[in-house]
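Participant: here's my sequence, what's the structure:
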Amino acid sequence: MSPKLAIWALTIAVQGLYCVALAQQPNRPMPRIGFIFSSGSPTDPSPQGDSFKRRLDDLGYIEGKNVLIERRYAEGKLERMSPFVQEFVKEKVDAIIGVNNVVIRAAKEATKTIPIVMISSLDPVAAGYVETFARPGGNITGLAWLSRDLSAKRLEILRDLLPKASRIGILWDADGPGPAVAFKEYSAAAQGFKLDIVSLSVRGPNPDLAVAFQSGKKANIDALIVVANPLIGQRTKQIFDLATKNRIPSMTEEGRYVEAGGLISYGPSLADLYSRVAEFVVEILKGAKPGDLPVKLASKFEIRINLKTSQQLGIVVPQHLLVQADKVIK
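Facilitator: Take a look at the predicted model:
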């Protein structure tokens, strides 16, 4: 037999053995990702979910073809999140996405084996989610941002926008772990700017926002910082309608709040964070252990400004802020 013929025969034999091996393997189910969204609903899904799905597509994981995404919508209700986590643990999904601290903590308590990919607004080491950034250990990894630095930056931007402001109200959910930390950090950062902080705390499930704004007016606040979390996120229209009605400028932590009528925002790009979460998920689906995947920091930050709101409030936005803005709503 000639050398070429021998190589051809060997190739055919190897391909045949490979096909037999595949045929003998049981049908493996598609991997399933459990994703709990803080806001949105099945009929009005979170736009950040699109960023996650697009990145999965780019990396070769197509929903319905070789991966399944199990979506659950808390619709701003913290009490829904833990039961969703329990559901995913019972169903033994291949990964759980935690995009807020309530879900992350519930998932950490519920499972030591299912990988958890987080987006944490808290220092994940201080919060006890991971051992270190470089070597998370356990079954949790993902993304985080250092909110203390962002708190100071937001106050700095607010002072640029409103040089005469001296008293700032903080609207926050007193039941949320993230907002509780955020309020302390704003209070600490305000000392460096010689600003007074007024706590405007609310509680779910039906926060009395009108009373919170009345308290703010009574305290003569010059501006308002809205601390993002699921409870607040589901009530953005009401919040910014009240802010406009009471003529209170607002600094927000997420760009979507500016879309809803807030004046200005500074924070990490959610589209970028959700896209990067998909990269962690793909690594895990390929066999990586979450404890071996270093936690990464948010790297893309955005300023958004709503000029419609500024006009309603009679505020002239400085040109240097407009130039820095990633998006201006006119």
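Participant: please count neighbours and contacts with C-alpha atoms only from this point.
Facilitator: Will do.
Participant: which stretches in the chain count as helices?
Facilitator: 3-24, 48-58, 81-91, 101-110, 147-161, 177-192, 209-218, 230-233, 236-245, 255-259, 270-285, 307-313, 319-324 (DSSP state H).
Participant: closest one to Gly137 among those?
Facilitator: Minimum separation from Gly137 across those (Cα to Cα) falls at helix 101-110, 12.3 Å.
Participant: buried residues of the closest one, list them for me.
Facilitator: Asn101, Val102, Val103, Ile104, Arg105, Ala106, Ala107, Lys108, Ala110 (16 or more other Cα atoms under 10 Å).
Participant: can you say which of the helices of the chain is nearest to Gly128?
Facilitator: With Cα to Cα as the yardstick, what comes closest out of the helices of the chain is helix 101-110 (9.1 Å).
Participant: residues in contact with that closest one?
Facilitator: The contact list for helix 101-110 (Cα atoms under 8 Å, 6 or more residues apart in numbering) reads 36, 78, 81-82, 85-86, 89, 96, 98, 116, 118, 120-122, 129, 140, 176-178.
Participant: skipping its backbone neighbours, what lies nearest Ser310 in space?
Facilitator: Leu263 (6.3 Å; Cα to Cα, 6 or more residues apart in numbering).
Participant: pretty sure the one you found sits against Gln311.
Facilitator: No. Proximity of Leu263 to Gln311 does not meet the contact threshold set by Cα atoms under 8 Å, at 9.8 Å.
Participant: in the stretch 1-150 of the chain, where is pLDDT below threshold?
Facilitator: Residues of the stretch 1-150 of the chain meeting the criterion pLDDT under 70: 1-28, 148.
Participant: hmm, back to that, format the helices of the chain as CSV; extra columns: distance to Gly40.
Facilitator: Formatted as CSV, those follow (distance: least, Cα to Cα, whole Å):
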stretch, distance to Gly40
helix 3-24, 42
helix 48-58, 10
helix 81-91, 13
helix 101-110, 16
helix 147-161, 24
helix 177-192, 20
helix 209-218, 20
helix 230-233, 9
helix 236-245, 12
helix 255-259, 12
helix 270-285, 15
helix 307-313, 24
helix 319-324, 30
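Participant: quick check: which of those helices is nearest to Ser41?
Facilitator: Nearest of those (Cα to Cα): helix 48-58, 11.4 Å.
Participant: where's Val89 relative to Ile119, distance?
Facilitator: 19 Å (Cα to Cα, to the nearest Å).
Participant: the two - which one has more neighbours?
Facilitator: Taking other Cα atoms under 10 Å, Val89 and Ile119 do not tie; Ile119 has more neighbours (26 against 19).
Participant: related to what we said a few turns ago, wait, which of the buried residues of helix 101-110 is closest to Lys153?
Facilitator: Using Cα to Cα, these come closest to Lys153 at Asn101, 22.2 Å.
Participant: list the contacts of the residue nearest to Ser310.
Facilitator: Pro249, Ser250, Met251, Thr252, Ile305, Asn306, Leu307, Thr309, Ser310.
Participant: possible to save the residues you listed as TSV with neighbour count?
Facilitator: Shown next, in TSV, are those (neighbours: other Cα atoms under 10 Å):
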residue	neighbour count
Pro249	25
Ser250	27
Met251	27
Thr252	23
Ile305	27
Asn306	22
Leu307	21
Thr309	24
Ser310	21
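Participant: any chance of the residues you listed in a markdown table, with distance to Ser41 and pLDDT too?
Facilitator: Listed next are those as a markdown table, based on distance: Cα to Cα, whole Å; pLDDT from 0 to 100:
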| residue | distance to Ser41 | pLDDT |
| --- | --- | --- |
| Pro249 | 29 | 98 |
| Ser250 | 26 | 97 |
| Met251 | 26 | 97 |
| Thr252 | 22 | 95 |
| Ile305 | 26 | 98 |
| Asn306 | 25 | 98 |
| Leu307 | 29 | 97 |
| Thr309 | 27 | 97 |
| Ser310 | 30 | 97 |
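Participant: which of the residues you listed sits closest to Val277?
Facilitator: Thr252 (23.1 Å).
Participant: pull up the gap between that closest one and Pro268, please.
Facilitator: For Thr252 relative to Pro268 (Cα to Cα), the value is 12 Å.
Participant: looking at stretch 264-280 now, give me its mean pLDDT.
Facilitator: The pLDDT scores in stretch 264-280 average 95.
Participant: give me the buried positions along it.
Facilitator: Buried, per 16+ other Cα under 10 Å, within stretch 264-280: 264-270, 272-280.
Participant: next: stretch 42-54.
Facilitator: Buried residues in stretch 42-54 (16+ other Cα under 10 Å): Gln48, Gly49, Ser51, Phe52, Lys53, Arg54.
Participant: what about it, start to end distance?
Facilitator: Start-to-end, stretch 42-54 (Cα to Cα) is 18 Å.
Participant: show me this protein divided up by domain.
Facilitator: 32-144+270-299, 147-268+302-329 (automatic domain parsing).
Participant: make a markdown table from the contacts of Leu263 and add distance to Leu59 to it.
Facilitator: Shown next, in a markdown table, are those (distance: Cα to Cα, whole Å):
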| residue | distance to Leu59 |
| --- | --- |
| Pro249 | 42 |
| Ser250 | 39 |
| Met251 | 36 |
| Thr252 | 33 |
| Ile305 | 33 |
| Asn306 | 35 |
| Leu307 | 38 |
| Thr309 | 40 |
| Ser310 | 41 |
